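1. any chance you can model this:
(one chain, ligands or ions: 2)
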Amino acid sequence: MSVVIAISNQKGGVSKTTTAFNLGACLALNHGKKVLLIDIDPQANLSEYLGYEPDGKPTMTGLIMNTCTNGVIQTNDVLSTVRHNEKTDVDYIPADINLASIETFMTTAISRETILKRILSDEVTYRYDFVLIDCLPSLSTLLINALAAADRVLIPVQTQKFSMDGLQALESLLEQIKNTINPKVNLLGILPTMSDRTTVSRNAVNALSKKYGEMMFRTAVSKSVEAAKSSETGIPLCACSGRLGKEYEQFTQEVLSKC
Ligand SMILES: Nc1ncnc2c1ncn2[C@@H]1O[C@H](COP(=O)(O)OP(=O)(O)O)[C@@H](O)[C@H]1O
Ligand SMILES: [Mg+2]
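-> Numbering: from 1, shown residues only. Ligands and ions are numbered 1, 2, ... in the order given. Below you'll find the predicted structure:
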């Protein structure tokens with residue numbers, strides 16, 4: 001059975017993309033899982049991380065447009081947009097900047113909240129153990145699509161002052177989606193990211209633990225330049241000898257035990 005995980009937080013710069021890439025790599029390289037990464041952020045950072053260069057084939061933009069126009073999409077049309085990344089051994093479907101204008105296009109589509117769900121049909125997802133959706137930083141139609149297509153939602157939170165601001169809005173959106181279009185969706189957990197030894201960071205972790213209790217991952221990902229280096233080289237952290245690689249591996253084990 002495949003598990004579809006949406007990695008979301010409407011704040012930018014909290015480690016969503018870094019987590020999508022490194023969780024995917026850990027699952028594939030260290031645990032032999034089949035992983036599909038989906039980029040639905042018009043900034044396309046994950047695609048860049050994966051070394052995507054425009055190759056003439058459709059991206060998420062084309063898939064969404066096609067589904068908006070026809071209501072359905074053929075499995076083969078989806079599978080033909082899947083690329084492979086050697087360094088992480090994961091499959092992925094990239095985004096591009098044109099995804100920024102797709103939301104306007106989606107407003108007039110029938111059942112616009114479930115377009116991604118139709119793209120990620122069972123015939124597509126059964127080929128994978130994990131499908132990870134790297135979300136964009138906004139509470140938008142694309143994000144609603146990700147939550148409607150997901151089984152679980154993972155929320156990375158930067159352990160800084162104001163880290164919890166806005167989480168309430170995401171949680172209430174998730175609750176609404178659970179009560180309407182996707183009753184099976186559940187929170188996977190809160191991942192503290194970019195933690196360090198400062199009081200501010202420690203206070204943020206304590207406040208999150210107090211609020212989320214069991215829903216907090218025990219692993220916190222530290223702040224380290226290793227993250228930027230990894231995104232630069234495209235070499236996943238678990239293939240490097242540093243601290244973040246070990247932390248992402250620990251976090252991956254927690255994900256596996258929760259799924
Ligand atoms: N654990 C970390 N330590 C230090 N820098 C990090 C860490 N995780 C991510 N970063 C850096 O922070 C920036 C934002 O990370 P990113 O994963 O793109 O966030 P998001 O997808 O939430 O916008 C990037 O420059 C990234 O390299
Ligand atoms: Mg991102």
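2. centroid-wise, who is the farthest residue in the protein?
-> Within the chain, the residue lying farthest from the chain centre (CA atoms, centre = their mean) is residue 199, at 28.8 Å.
3. for that residue, give me its contacts.
-> Applying CB atoms under 8 Å, 6 or more residues apart in numbering to residue 199 gives no contacts. Using the backbone N, CA and C atoms, a C-beta is placed for each residue, glycine as well.
4. my guess is residue 102 meets residue 65, correct?
-> Yes: the pair residue 102 and residue 65 passes the contact test of CB atoms under 8 Å, sitting 6.9 Å apart.
5. looking at the two, which is more packed in?
-> Each of residue 102 and residue 65 has its neighbours counted (other CB atoms under 10 Å); residue 102 has more, 21 against 18.
6. tell me where this protein is predicted with low confidence.
-> Across the chain, nothing is flagged by pLDDT under 70.
7. around ligand 1, pick out the residues from it.
-> With CB under 6 Å from any ligand atom as the criterion, the chain comes near ligand 1 at residues 12-18, 45, 137, 193-194, 221, 223-224, 227-228, 231, 244.
8. among those, which ones are buried?
-> 14-18, 45, 137, 193-194, 221, 223-224, 227, 231, 244 (16 or more other CB atoms under 10 Å).
9. quick check: the residue of the stretch 101-250 of the chain nearest ligand 2.
-> Nearest to ligand 2, among the residues of the stretch 101-250 of the chain, is residue 134, at 6.0 Å (CB to the ion).
10. burial check on that residue, number of neighbours?
-> Other residues close to residue 134 by other CB under 10 Å number 27.
11. the closest residue to residue 146 other than its chain neighbours and residue 133: what is the separation?
-> Nearest non-adjacent residue to residue 146, counting by CB to CB, 6 or more residues apart in numbering: residue 6, 4.2 Å away. Using CB to CB, to the nearest Å, one gets 5 Å for the distance from residue 6 to residue 133.
12. quick check: neighbours shared by those two?
-> Common neighbours of residue 6 and residue 133 (CB under 8 Å, 6+ apart) are 146, 149-150.
13. who wins for most neighbours among these?
-> Neighbour count (other CB under 10 Å) singles out residue 150 as the most crowded of the shared contacts of residue 6 and residue 133, with 29 neighbours.
14. if you drop the residues flanking it in sequence, what lies closest to that one?
-> residue 6 (3.9 Å).
15. shouldn't the one you found be within a helix?
-> No: counting by DSSP: H, G, I helix; E, B strand; the rest coil, residue 6 falls outside a helix, being strand.
16. for residue 239, what are its contacts?
-> Residue 239 touches 25, 29, 87, 245, counting by CB under 8 Å, 6+ apart.
17. all set, thanks.
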